[in-house]
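Trainee: here is a sequence with its predicted model. Questions after.
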Amino acid sequence: MKIQFALRSMGSVVMLAYLTACSPQLGGSTASAAPAASVRDVCSSCGVVESISPVTQEGRTTGAGAVIGAVVGGVAGNQVGGGSGKKVATAAGVIGGALLGNNIEQNRNTVTDYDVVITMQDGSQQFLTMQDPGNISPGSAVHVNGSSITLR
């Protein structure tokens with residue numbers, strides 16, 4: 001009876017060893033394992049807007065505003081007073097008109113552009129300058145194509 005018990009016990013141990021060898025490994029890695037579910041395809045042109053900053057560029061003047069302002073100011077100054085007062089008023093009108101006309105021309109030519117910082121899905125950053133960001137704001141998910149941005 002002891003022999004039968006010993007044979008059965010050995011048979012159980014061999015069967016257990018066989019089943020353990022055939023079962024999948026819990027902590028190990030195998031060559032046929034599927035890629036992890038957390039790995040995603042990275043869109044090389046997709047990102048999120050981090051910031052939008054307005055940048056104002058002073059307008060350039062051609063001198064036309066100053067000339068037109070000087071003429072208008074001179075004519076207006078010439079209408080004031082008489083004698084030597086008329087000459088002073090005309091000179092002041094020419095100088096004041098030239099300064100004012102130049103300032104008006106410069107303000108008309110002032111341009112505001114927007115510097116946009118985008119963090120791409122691959123972790124890099126892109127810096128673009130736009131004339132009008134439209135409905136794009138910080139936090140917007142965007143698609144970058146060259147120098148243009150569209151919402152995703």
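Mentor: It's in.
Trainee: send the alpha carbons of the longest strand seen in the chain over as PDB?
Mentor: In the chain, taking DSSP state E as the definition, the longest strand is strand 46-57. Output of strand 46-57 as PDB, limited to C-alpha atoms (Å, rounded to 0.1, in the frame of the first residue of the first chain):
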ATOM      1  CA  CYS A  46      -1.500  67.600 -34.000                       C
ATOM      2  CA  GLY A  47      -1.000  69.700 -30.900                       C
ATOM      3  CA  VAL A  48      -2.500  72.000 -28.300                       C
ATOM      4  CA  VAL A  49      -2.300  75.800 -28.200                       C
ATOM      5  CA  GLU A  50      -0.300  76.900 -25.100                       C
ATOM      6  CA  SER A  51      -0.400  80.600 -25.600                       C
ATOM      7  CA  ILE A  52      -1.400  83.500 -27.900                       C
ATOM      8  CA  SER A  53       0.400  86.800 -27.500                       C
ATOM      9  CA  PRO A  54      -0.500  90.000 -29.400                       C
ATOM     10  CA  VAL A  55       2.600  91.800 -30.900                       C
ATOM     11  CA  THR A  56       2.000  95.300 -32.200                       C
ATOM     12  CA  GLN A  57       4.400  96.600 -34.900                       C
END
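Trainee: quick one: average pLDDT of that strand?
Mentor: When pLDDT is averaged over strand 46-57, the result is 93.
Trainee: what comes up buried for it?
Mentor: Across strand 46-57, burial judged by 16 or more other CB atoms under 10 Å covers 47, 49, 52. The way it works is simple: take the backbone N, C-alpha and C, and place the C-beta from them, glycine included.
Trainee: which one of those is nearest residue 118?
Mentor: residue 47 (4.3 Å; CB to CB).
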